[in-house]
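**Q** sequence and predicted structure below; questions after.
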Amino acid sequence: MTHASIPAPLSPPRSPVYARAVATKSEATARLTADDARDWISALHGPPGPREEALSELHALLQRAARFELGRRRAQLVHLTAGDVEDLATQAADDALMAILAKLDSFRGASRFTTWAYKFALLEAGVKARRRAWQGREICIDEQTWPAIADTAHSAHERLEESELLDELDNAIRSTLTPHQRTVFTALALNNIPIDVLAERLHTTRGALYKTLHDARHKLRVSLASAGYPLDAAGGGHGH
């Protein structure tokens, strides 16, 4: 016995009343977001009493966000006590609050103010977790790390081509990069050292390291292209 398939029922047409209701709800949400931002910014720019209250409430929110992020990264911080982790959360909240106050006038209201602020705490907590996880660990900049990349070639010819590419990459790293570019490229692209940790050890900034890494990769792509290797081969496999 065969059974005819039963078509799914058609969705009812959306009436103009429905469309107006959706638009009204969207507008209401936008107004709530705008009102939320205005309330926070007004309080943070306001007189001492309301300002201190807003700062206290905002810091508490940031500390909850930092605790959440540190809890998510607890495997990196197994050597820390609960008190140490709480201290990290407080430090992250402090730094996030300072960053928010410095950028308060740049808030454009695309999201709720608290959502915007929450991200600052997540970022600061992540940075502090990575730095604490590497605290006391020696950073070994090993320029010979890259030949140990897993061999994924499927034939002797492909393995030969890969070996030749790695040899050419080695030559390019040694001959075209400055010592600083070589250090940064090796640490970030080959040894997977967190950029926050490297910035702290080299007494520089993330932005400066990203610029150095970008310049180093550009030099390597140009060098490999001139040696007859495709540009995508130069850019793959060593990202950070």
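**A** Looks like it arrived, so ask away.

**Q** how many neighbours does A117 have?
**A** Residues contacting A117 under the criterion other C-beta atoms under 10 Å number 21. Yep, even glycine has a C-beta here, placed from its N, CA and C like the rest.

**Q** look up which helix or strand L123 falls in, please.
**A** helix 113-134 (DSSP states H and E).

**Q** flag every buried residue along that helix.
**A** Neighbour-count burial for helix 113-134, counted by 16 or more other C-beta atoms under 10 Å, picks out 113, 116-118, 120-134.

**Q** over to stretch 46-56?
**A** So stretch 46-56, judged by 16+ other C-beta under 10 Å, has buried residues A54.

**Q** just stretch 184-204 next, same as before
**A** Neighbour count says stretch 184-204 has 184-191, 193-200, 202 buried, by 16+ other C-beta under 10 Å.

**Q** picking that back up, what is the mean pLDDT for the helix holding L123?
**A** The average of the pLDDT scores along helix 113-134 is 89.

**Q** elements contacting it?
**A** Under the contact definition 3 or more C-beta pairs under 8 Å, 6 or more residues apart in numbering; DSSP states H and E, helix 113-134 sits against helix 16-44, helix 48-72, helix 82-102, helix 195-201.

**Q** show me how this structure divides into domains.
**A** 26-134, 146-235 (automatic domain parsing).

**Q** for the record, mean pLDDT for the last one?
**A** The one in question is domain 146-235. Domain 146-235 comes out at a mean pLDDT of 78.

**Q** and stretch 52-69, by the same measure?
**A** Rounded mean pLDDT across stretch 52-69 is 94.

**Q** what sits up against it?
**A** By C-beta atoms under 8 Å, 6 or more residues apart in numbering, the residues outside stretch 52-69 that reach it are 40, 43-44, 46, 85-86, 88-90, 92-94, 96-97, 100, 114, 117-118, 120-122, 124-126, 129.

**Q** buried residues, that stretch. List them.
**A** Buried, per 16+ other C-beta under 10 Å, within stretch 52-69: A54, L58, H59, L61, L62, Q63, A65, A66, R67, E69.

**Q** how about these in JSON lines, adding distance to L177?
**A** Below are the buried residues of stretch 52-69 laid out as JSON lines (distance: C-beta to C-beta, whole Å):
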{"residue": "A54", "distance to L177": "49"}
{"residue": "L58", "distance to L177": "44"}
{"residue": "H59", "distance to L177": "44"}
{"residue": "L61", "distance to L177": "44"}
{"residue": "L62", "distance to L177": "40"}
{"residue": "Q63", "distance to L177": "42"}
{"residue": "A65", "distance to L177": "39"}
{"residue": "A66", "distance to L177": "37"}
{"residue": "R67", "distance to L177": "41"}
{"residue": "E69", "distance to L177": "35"}
